[in-house]
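Student: Here is a sequence with its predicted model. Questions after.
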Amino acid sequence: MAKRILIVDDEVHILELISFNLEKEYQVLTAGSGEEALEMLNKENVDLMILDLMLPGMDGIQVCNKVRNEKDLMHLPIIMLTAKSEDSDRILGLEVGADDYLPKPFNVRELQARIKAVLRRSGYEQSDAKNIYKIRDLSLDIESREVRKNGAVLPLTAKEFDLLKLLMEHHGKVLSRNFLLDKIWGYEYFGESRTVDVHIRHLRMKIGEDEENPYILTKRGIGYKMLREEGRRE
């Protein structure tokens, strides 16, 4: 069955442009406001949302926040669109839980490539694997895509889950920012290594890292690695 994509934008020509180019491959739903998008998400099963930042009324940041705080929607992949190009807007979008970010005007083929990459790596693509990774008091279930700390489920986004999974798989090894960008985002991210830093920072907050006994160690100028044992700072 084709994946269902919700496009949220108040510009009719943008909705029509994206819909026209996606309809051959996906089931497409559209909404012209943040309120309409949230109402639709509560009624329809959606695999990915393309969300405009500059919406009238409830903007894209508010919509993204609400989605990430809903248990049934917190893993929904989100690609954020915006006419703004400032780094602050890009970082803000990522910090509130967007999985990807594309400034307007954009190339439709690039959007299509990013949709495929996000869907391929998101929790909405089923896996036959049933492995559970455990490091200290953290456990990661690949099948259910849940991360628990001392038994309590952590509200990770799809990208945060994938990032933690990759670090746990390669625990003890330093993974470069470029490696993480390639494996998690799946395409050239135009050298935006700060994308990784933003997600790592957000991930650290959610897993409640202790400065004295970190889970994720930063190797300055290189990347990050997962520590299996407590108290091992280098």
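Tutor: On my side now, so go ahead.
Student: Residue 49 sits in which helix or strand?
Tutor: Here residue 49, judged by DSSP states H and E, is contained in strand 48-52.
Student: Assess the claim that residue 50 and residue 14 are in contact.
Tutor: No. Because the distance of 9.5 Å does not satisfy Cβ atoms under 8 Å, residue 50 is recorded as not touching residue 14. (C-beta placed from N, C-alpha, C; glycine too.)
Student: Which one's more surrounded, the two?
Tutor: Applying other Cβ atoms under 10 Å to residue 50 and residue 14 shows that residue 50 carries more neighbours, namely 26 against 19.
Student: beta partners of that one?
Tutor: Partner residues in beta bridges with residue 50, using DSSP bridges, are residue 7, residue 79.
Student: buried stuff in the helix or strand encompassing residue 118?
Tutor: Taking DSSP H and E as the criterion, the element that holds residue 118 is helix 108-121. Of the residues in helix 108-121, those scored as buried under the neighbour-count criterion (16 or more other Cβ atoms under 10 Å) are 111, 114-115, 117-119, 121.
Student: which secondary structure elements does that helix contact?
Tutor: helix 12-22, strand 48-52, strand 78-82, strand 100-103, helix 158-169 (3 or more Cβ pairs under 8 Å, 6 or more residues apart in numbering; DSSP states H and E).
Student: Could you give the separation of the shortest one from the chain centroid?
Tutor: The gap between the average C-alpha position of strand 100-103 and the chain average comes to 11 Å, counting by Cα atoms, centre = their mean, to the nearest Å.
Student: With the longest one instead?
Tutor: Between the centre of helix 158-169 and the centre of its host chain there is 11 Å, according to Cα atoms, centre = their mean.
Student: Check which element follows that helix along the chain.
Tutor: strand 175-176.
Student: ok, now how distant is the residue nearest the centre of the chain from residue 115?
Tutor: With distances taken as Cα atoms, centre = their mean, the chain has residue 99 as the residue nearest its mean C-alpha position (2.8 Å). Counting by Cβ to Cβ, to the nearest Å, the gap from residue 99 to residue 115 is 10 Å.
Student: anything in contact with each of these two?
Tutor: A shared contact of residue 99 and residue 115, defined by Cβ atoms under 8 Å, 6 or more residues apart in numbering, is any residue touching both; here these are residue 79.
Student: So which bits of stretch 6-21 are buried?
Tutor: Those would be 6-10, 14-15, 17-18, for stretch 6-21 by 16+ other Cβ under 10 Å.
Student: List the contacts of it.
Tutor: Contacts made with stretch 6-21 from outside it, assessed by Cβ under 8 Å, 6+ apart, are listed as 22, 28-34, 36-37, 40-41, 44, 46, 48-52, 55-56, 60, 63, 81, 104, 108, 111-112.
Student: Over to stretch 75-86?
Tutor: For stretch 75-86, using Cβ under 8 Å, 6+ apart, the contacting residues are 9, 14, 41, 46-54, 60, 64, 67, 89, 93, 97-104, 106, 111, 114-115, 118-119, 122-124, 145, 156-158, 161.
Student: Show me this protein divided up by domain.
Tutor: Under the assignment automatic domain parsing, the domains of the chain span 4-121, 132-226.
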